[in-house]
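Undergrad: Pasting the sequence and the predicted model now:
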Amino acid sequence: MQRSMALRSKLRSLVLHRNRVFCTSIVSTDPKTLPNSTEKTRAVLFHLRFEQNPDRILDICRSAALTPESHLDRIAYSKIVSKLRESNYPGIGDFIKESMDQIACKSERVLAHFIVLYGHARLAKDAVNLFDEMPALGVERDVKTLNSLLFACDLAGEYSEMRRVYLEFPRKYQLEPNLDTYNIALKGFCSSGSANEAHSILAEMERKSIRPNATTFATVIAGFYKEEKFESVGKIMELMKKYGIPPGISIYNVRIQSLCKLKRSTEAKALLDGILSRGMKPNSMTYSHLIYGFCREGNLEMAKSLFKDMVGRGFEPGVKCYFTMVYYLCEGGDFEVALAICEECLEKGWVPNFSTMKALVMGLVSIGKADVAKKIIQQVKGKFSRNTDTWVEIEEKIPS
């Protein structure tokens with residue numbers, strides 16, 4: 001037994017070493033060996049999925065020579081900063097500044113990106129400082145960078161700072177807010193439990209002849225639902241009529257999701273029934289929100305019925321919907337249905353997390369399906385090398 005475990009440990013070390021060598025080579029800064037920039041960034045994103053060591057994360061980033069001019073590279077930067085924040089890395093602000101300093105030709109787009117990165121790092125003060133310093137860096141402030149700053153404050157959860165920026169900076173820097181400015185501010189106020197601020201913002205938009213859009217109203221509706229101000233939701237729905245904006249499926253999805261979050265999924269289902277009776281077409285998100293809501297409330301029969309109806313109407317369940325169903329069905333002890341849905345999921349190349357898969361495997365064993373459980377283990381244990389040893393140990397404990 002000890003020899004077997006030692007051999008598995010050695011094999012696992014070899015796999016990890018191979019992955020590290022591949023990672024180093026794929027992001028090599030030698031121009032002769034570099035793949036194209038898109039492949040390089042995708043390799044970075046792949047390896048970031050599994051890397052937890054902050055120093056290693058920084059090595060991957062630095063060797064990849066990322067640039068915020070590329071959309072995919074901006075995604076990589078955001079992922080890097082998020083992982084550093086999760087690991088409580090103390091030098092995250094220094095990393096962002098170092099990355100910015102390496103860029104010789106700075107533009108409004110580049111600085112807006114770094115302002116947002118400070119938001120991802122929950123360093124709202126640093127984002128404000130960068131906004132203040134823009135002219136010294138040779139870039140004039142504009143409404144786009146103002147919007148980036150508001151967004152950064154929202155990401156950082158610094159709502160008092162966001163309020164200050166929203167109220168003071170347009171006048172201080174002679175910047176005229178646009179629709180995006182108001183939509184970002186509304187999102188921040190609604191996220192922070194101050195949805196009533198929406199009334200004054202909407203009034204200001206009307207005074208300045210800035211027409212709200214569906215995003216404006218969806219944000220406010222979600223905010224009022226979060227605070228359980230249902231009468232205000234009704235008033236916003238009426239206000240949409242004034243502006244000639246029909247409540248499409250995106251608005252109904254917000255209402256359905258909001259009600260499900262409040263554990264009022266039966267009311268949300270009534271909205272779906274109303275949508276169908278009026279000939280409006282729902283979409284996969286409509287069903288996904290309802291399935292999640294009923295699962296959370298323990299009504300697995302309704303969740304299964306909605307899942308069946310969703311597929312029957314030709315809507316493709318997304319990965320989160322599959323994972324939700326498998327997780328809650330296992331929690332509820334319905335392992336056979338969980339297995340059927342999980343098999344569909346695996347056919348698509350989507351693997352639920354380790355704890356969900358372990359619950360399914362152990363549940364199948366408990367209902368006398370040990371052989372099926374072992375087949376599931378064979379399908380998933382090679383997907384993520386860090387869990388291979390654990391799966392082998394679980395498999396050894398399953399009776400033949």
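TA: Looks like it arrived, so ask away.
Undergrad: Do me a favour and average the pLDDT over the host helix or strand of Leu117.
TA: Using DSSP states H and E, Leu117 sits in helix 108-120. The pLDDT scores in helix 108-120 average 94.
Undergrad: List of residues touching that helix?
TA: Applying C-beta atoms under 8 Å, 6 or more residues apart in numbering, the set of residues contacting helix 108-120 from outside is 68-69, 74, 77-78, 81-82, 85, 93, 96, 99-100, 103, 124, 126-127, 130-131, 134, 137, 139-140, 142, 144-145, 148-149, 151-156. Placement of C-beta: from N, CA and C, glycine included.
Undergrad: So for Ala6, what's the pLDDT?
TA: 45.
Undergrad: hey, C-alpha coordinates of stretch 391-400 in CSV?
TA: The C-alpha coordinates for stretch 391-400 follow below in CSV (Å, rounded to 0.1, in the frame of the first residue of the first chain):
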residue,chain,number,x,y,z
TRP,A,391,-10.0,9.8,-6.4
VAL,A,392,-7.8,6.8,-6.3
GLU,A,393,-8.2,6.6,-2.5
ILE,A,394,-12.0,6.9,-2.8
GLU,A,395,-12.1,4.3,-5.5
GLU,A,396,-10.1,1.8,-3.4
LYS,A,397,-12.7,2.1,-0.6
ILE,A,398,-15.6,1.3,-2.8
PRO,A,399,-16.6,-2.3,-2.3
SER,A,400,-16.4,-4.6,-5.4
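Undergrad: about what we covered before: of the contacts of helix 108-120, keep whichever come out buried.
TA: 68, 74, 77-78, 81, 96, 99-100, 124, 126-127, 130-131, 134, 139, 144-145, 148-149, 151-156 (16 or more other C-beta atoms under 10 Å).
Undergrad: Which ones among those residues lie within strands?
TA: The strands, defined by DSSP state E, take in nothing from the buried ones among the contacts of helix 108-120.
Undergrad: Is Trp350 in a helix, a strand, or coil?
TA: Taken by DSSP: H, G, I helix; E, B strand; the rest coil, the conformation at Trp350 corresponds to coil.
Undergrad: follow-up on the earlier one: quick one: buried residues of the helix holding Leu117?
TA: Using 16+ other C-beta under 10 Å as the test for burial, helix 108-120 gives Val110, Leu111, Ala112, His113, Phe114, Ile115, Val116, Leu117, Tyr118, Gly119, His120.
Undergrad: what do you get for stretch 163-172?
TA: So for stretch 163-172, counting by 16+ other C-beta under 10 Å, buried means Arg163, Val165, Tyr166, Phe169.
Undergrad: Also stretch 325-333?
TA: Buried, per 16+ other C-beta under 10 Å, within stretch 325-333: Met325, Val326, Tyr327, Tyr328, Leu329, Cys330, Gly332.
Undergrad: So for the helix or strand containing Thr266, what gets flagged as buried?
TA: Assessed by DSSP H and E, Thr266 sits inside helix 265-277. By 16+ other C-beta under 10 Å, the buried positions in helix 265-277 come out as Ser265, Ala268, Lys269, Leu271, Leu272, Ile275.
Undergrad: Restricting to C-alpha, output that helix in CSV.
TA: Written as CSV, here are the backbone C-alpha positions of helix 265-277 (Å, rounded to 0.1, in the frame of the first residue of the first chain):
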residue,chain,number,x,y,z
SER,A,265,-39.8,31.4,-6.7
THR,A,266,-43.5,30.6,-6.9
GLU,A,267,-44.1,34.3,-7.7
ALA,A,268,-41.3,34.1,-10.2
LYS,A,269,-42.9,31.1,-11.8
ALA,A,270,-46.2,33.1,-12.1
LEU,A,271,-44.2,35.7,-14.1
LEU,A,272,-43.0,32.9,-16.5
ASP,A,273,-46.6,31.7,-16.9
GLY,A,274,-47.7,35.2,-17.7
ILE,A,275,-44.9,35.5,-20.3
LEU,A,276,-45.9,32.3,-22.0
SER,A,277,-49.6,33.2,-22.0
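Undergrad: How far away from the center of its chain is it?
TA: Relative to the centre of its chain, helix 265-277 is centred 26 Å away, using C-alpha atoms, centre = their mean, to the nearest Å.
Undergrad: elements contacting it?
TA: helix 249-261, helix 284-296 (3 or more C-beta pairs under 8 Å, 6 or more residues apart in numbering; DSSP states H and E).
Undergrad: TSV for these, including mean neighbour count and mean pLDDT?
TA: TSV is the format used below for the helices and strands packed on helix 265-277 (neighbours: other C-beta atoms under 10 Å; pLDDT from 0 to 100):
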stretch	mean neighbour count	mean pLDDT
helix 249-261	21	97
helix 284-296	23	98
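Undergrad: which stretch among the ones you listed comes nearest Gln52?
TA: Taking C-beta to C-beta, helix 284-296 is the member of these nearest to Gln52, at 28.3 Å.
Undergrad: got the contact list for Phe230?
TA: Neighbouring residues of Phe230 by C-beta under 8 Å, 6+ apart: Phe224.
Undergrad: Do you know the pLDDT at it?
TA: The model's pLDDT for Phe230 equals 97.
Undergrad: From Pro352, how far out is it?
TA: 35 Å (C-beta to C-beta, to the nearest Å).
Undergrad: cool, Ile249 as well?
TA: Taken as C-beta to C-beta, the span from Ile249 to Pro352 is 28 Å.
Undergrad: quick one: low-confidence parts of the stretch 1-150 of the chain?
TA: Counting by pLDDT under 70, the stretch 1-150 of the chain shows low-confidence ranges at 1-36.
Undergrad: low-scoring stretches of the stretch 301-400 of the chain, by residue?
TA: 385.
Undergrad: could you pull out the helices for it?
TA: 319-331, 335-347, 354-366, 370-380, 388-397 (DSSP state H, counting those that start in this stretch).
Undergrad: Please work out which of the ones you listed is packed deepest.
TA: Of all the helices of the stretch 301-400 of the chain, helix 319-331 carries the top mean neighbour count, a mean of 21, counting by mean count of other C-beta atoms under 10 Å.
Undergrad: Can you spell out which helices and strands pack onto that helix?
TA: helix 284-296, helix 300-312, helix 335-347, helix 354-366.
Undergrad: Could you dump those into CSV and include distance to Val220?
TA: Converted to CSV, those look like this (distance: least, C-beta to C-beta, whole Å):
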stretch, distance to Val220
helix 284-296, 18
helix 300-312, 27
helix 335-347, 36
helix 354-366, 35
